[in-house]
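**Q** Here is my input, please return the structure:
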Amino acid sequence: MVKTLTIPMVAIVGRPNVGKSTLFNRLIGERKAIEEKMPGVTRDRIHGRATWLGTEFFVIDTGGITFSETMELERLVQNQALLAMEEANVIVFLTDGREGLTALDEEIAMLLHRQGRPVILAANKTEGKMVGLEDFYRLGFGEPIPVSAAHGLNIGDFLDRVVSFFPAREKRPETAMETIRIAVVGRPNVGKSSFINALLGEDRNIVSTIPGTTRDAVDITLVQDEKAFTFVDTAGIRRKSRVREDVEYYSVLRALKAIDNADIALLLLEATEGVTEQDQKIAGYIQDSGRAVIIALNKWDLFKGAGRENAAVTQVDNVRENLKFFNYAPVVFTSIHEPRRLKRLFSLFGVVYGEYTRRISTPLLNHLLSDALSMNPLPTSGKRKARIYYWTQPAVKPPTFILFANDPKSIHFSYLRYLENRLREAFGFQGSPLRLTVRGRSKKGAKGS
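**A** Predicted coordinates:
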């Protein structure tokens with residue numbers, strides 16, 4: 001049974017370019033939503049956590065509502081805003097205090113009256129010259145609250161009003177559920193949004209055949225089998241030469257940041273195409289970030305008939321050949337049309353996270369080291385014989401090991417690779433990178449791999 005977490009939610013809605021993303025960023029305390037003067041930048045629902053006077057809640061930023069049916073993308077943006085309203089405990093209807101009331105504001109007000117949710121009317125951009133706010137009473141939501149998202153004006157009073165509408169919450173047990181963060185990354189149009197929608201069983205992210213539809217990183221948290229998972233649907237990462245708009249450039253940065261903030265990077269590849277040059281670049285960034293990784297060959301349903309088994313072998317060989325540095329990463333086949341494959345992923349997420357956070361005791365490590373040294377002694381370097389005295393694991397995420405030696409410079413990277421392979425043979429570490437560092441007893445002259 002899949003269910004979303006039940007922290008109160010606040011949706012920010014309104015017409016384009018009234019400052020919804022600026023208010024969103026103000027509330028969560030970071031620049032997560034892209035802020036541009038160009039209308040229509042925010043497309044998907046962007047989630048973030050906020051806290052006011054000890055009360056934690058989710059904030060949802062939405063795309064500007066235009067009621068235009070002439071373009072598919074505008075229609076999808078409006079649908080996403082409607083979904084946000086349905087999810088929210090409180091809706092913030094943001095208007096522009098400088099421009100005053102518009103006909104589009106009145107249309108949106110009629111839509112909100114049909115939602116049956118508490119609505120707080122806020123007039124933004126009131127730090128300077130503004131028109132009278134009397135006209136906003138016509139929208140039927142009482143007195144508008146003047147705010148300035150950019151300068152923080154009156155945000156405290158605004159938040160007091162917001163949290164007053166939250167339902168009373170029962171106290172939870174002190175043992176908080178650990179959340180596994182998974183960044184879903186890949187080239188544009190490999191099916192990332194469709195993949196997450198299939199996992200959730202609902203149209204949670206915009207799915208479109210237009211490459212680059214997802215611009216922001218979108219966090220979606222759910223509970224499956226008593227474990228919490230947060231999925232981050234990211235913008236497709238393109239080659240730098242193809243990133244022409246400033247807003248798309250920021251989207252790439254957010255996708256890379258999503259990898260940095262994740263526990264596991266789920267790299268989606270196009271099953272029918274194999275590994276491309278751009279896939280290799282994305283994989284290289286995941287490796288540099290030190291995150292655990294799962295490789296998914298998506299749209300596997302396109303392979304049919306008796307040749308499917310041979311195709312699977314060919315595709316795995318292609319991945320292993322072109323992503324040799326990910327020889328420890330599990331490779332799975334996924335399709336939104338084959339739910340059983342997707343369901344099995346949750347078990348794999350748990351296994352890989354367990355390996356990513358695994359600790360090995362120092363006695364076990366040194367027993368392994370002794371065995372490894374006896375089977376493959378350190379080569380002699382010059383007059384001084386290299387020695388490794390012991391090693392220990394000081395950290396996880398990723399598992400990190402420090403070897404103490406008499407001469408760190410004499411330990412070649414190929415021998416560190418040998419020790420890493422022995423670690424994996426003995427303890428697994430499926431899907432997790434390992435970090436090995438050599439230090440002298442005086443903690444000078446460190447050398448790593």
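
**Q** domain parsing for this protein?
**A** 7-163, 179-356, 362-448 (automatic domain parsing).

**Q** Generate TSV for these, with mean neighbour count and mean pLDDT as supplementary columns.
**A** Every residue, glycine included, has its C-beta placed from N, CA and C. Below are the domains of the chain laid out as TSV (neighbours: other CB atoms under 10 Å; pLDDT from 0 to 100):
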stretch	mean neighbour count	mean pLDDT
domain 7-163	18	83
domain 179-356	18	80
domain 362-448	15	87
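
**Q** now residue 260: how far from residue 336?
**A** 27 Å (CB to CB, to the nearest Å).

**Q** Where does the residue nearest the centre of the chain sit, in terms of helix or strand?
**A** Centroid check for the chain by CA atoms, centre = their mean gives residue 232 as the closest residue, at 2.7 Å. Counting by DSSP states H and E, the element that carries residue 232 is strand 227-233.

**Q** CA atoms only for that strand - export them in CSV, please.
**A** Provided in CSV are the C-alpha atoms of strand 227-233 (Å, rounded to 0.1, in the frame of the first residue of the first chain):
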residue,chain,number,x,y,z
LYS,A,227,10.0,2.6,4.6
ALA,A,228,10.0,6.3,3.4
PHE,A,229,11.4,7.1,0.0
THR,A,230,11.8,10.6,-1.5
PHE,A,231,12.1,10.7,-5.2
VAL,A,232,13.5,13.7,-7.0
ASP,A,233,12.3,14.1,-10.6
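
**Q** tell me what it is packed against?
**A** In terms of contacts (3 or more CB pairs under 8 Å, 6 or more residues apart in numbering; DSSP states H and E), strand 227-233 is packed against strand 179-185, helix 192-200, strand 218-224, helix 339-356.

**Q** The third one pairs with which strands?
**A** Right, strand 218-224. strand 3-4 (antiparallel), strand 227-233 (antiparallel) (DSSP bridges).

**Q** Export those as CSV, with columns for distance to residue 184.
**A** CSV is the format used below for the strands paired with strand 218-224 (distance: least, CB to CB, whole Å):
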stretch, distance to residue 184
strand 3-4, 17
strand 227-233, 6
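
**Q** of all those, which lies closest to residue 28?
**A** Taking CB to CB, strand 227-233 is the member of the strands paired with strand 218-224 nearest to residue 28, at 14.9 Å.

**Q** and residue 122, that one's in a strand?
**A** Yes: under DSSP: H, G, I helix; E, B strand; the rest coil, residue 122 sits within a strand.

**Q** ok, now how distant is it from residue 327?
**A** From residue 122 across to residue 327, the span is 53 Å (CB to CB).

**Q** Residue 304 too?
**A** Taking CB to CB, one finds residue 304 at 29 Å from residue 327.

**Q** what's the answer for residue 27, then?
**A** Distance, residue 27 to residue 327, by CB to CB: 44 Å.

**Q** which residue ranges form the strands in the stretch 51-200 of the chain?
**A** Secondary structure of the stretch 51-200 of the chain (DSSP state E, counting those that start in this stretch): strands located at 55-61, 90-96, 119-124, 145-146, 179-185.

**Q** Ok, which of these comes nearest residue 137?
**A** strand 119-124 (9.0 Å).

**Q** Need the residues that contact the closest one.
**A** With CB atoms under 8 Å, 6 or more residues apart in numbering as the test, strand 119-124 has contacts from 18-19, 22-23, 90-97, 112, 130, 133, 136, 139, 141-149, 158, 161-162, 165.

**Q** rerun at 6 Å
**A** With contacts defined as CB atoms under 6 Å, 6 or more residues apart in numbering, strand 119-124 is touched by 18-19, 91-95, 97, 112, 133, 141, 144-147, 149, 161.

**Q** Let me know whether residue 58 touches residue 9 as I believe.
**A** Yes: applying CB atoms under 6 Å, one finds residue 58 in contact with residue 9, separated by 4.6 Å.

**Q** can you give me the helices for the chain?
**A** For the chain, the helices defined by DSSP state H cover 20-28, 72-87, 103-113, 155-163, 192-200, 246-260, 277-289, 308-322, 339-356, 362-375, 413-427.

**Q** Tell me which residues are up against stretch 323-337.
**A** 194, 198, 283, 287, 293-298, 300-301, 316, 319, 341, 431.

**Q** now for these, which pair is the farthest apart?
**A** Put simply, by CB to CB the two of the contacts of stretch 323-337 set farthest apart are 287 and 301, 29.1 Å from each other.

**Q** circling back: can you list the helices of the chain in JSON lines and add distance to residue 388?
**A** JSON lines is the format used below for these (distance: least, CB to CB, whole Å):
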{"stretch": "helix 20-28", "distance to residue 388": "47"}
{"stretch": "helix 72-87", "distance to residue 388": "55"}
{"stretch": "helix 103-113", "distance to residue 388": "68"}
{"stretch": "helix 155-163", "distance to residue 388": "57"}
{"stretch": "helix 192-200", "distance to residue 388": "43"}
{"stretch": "helix 246-260", "distance to residue 388": "32"}
{"stretch": "helix 277-289", "distance to residue 388": "25"}
{"stretch": "helix 308-322", "distance to residue 388": "30"}
{"stretch": "helix 339-356", "distance to residue 388": "24"}
{"stretch": "helix 362-375", "distance to residue 388": "7"}
{"stretch": "helix 413-427", "distance to residue 388": "9"}
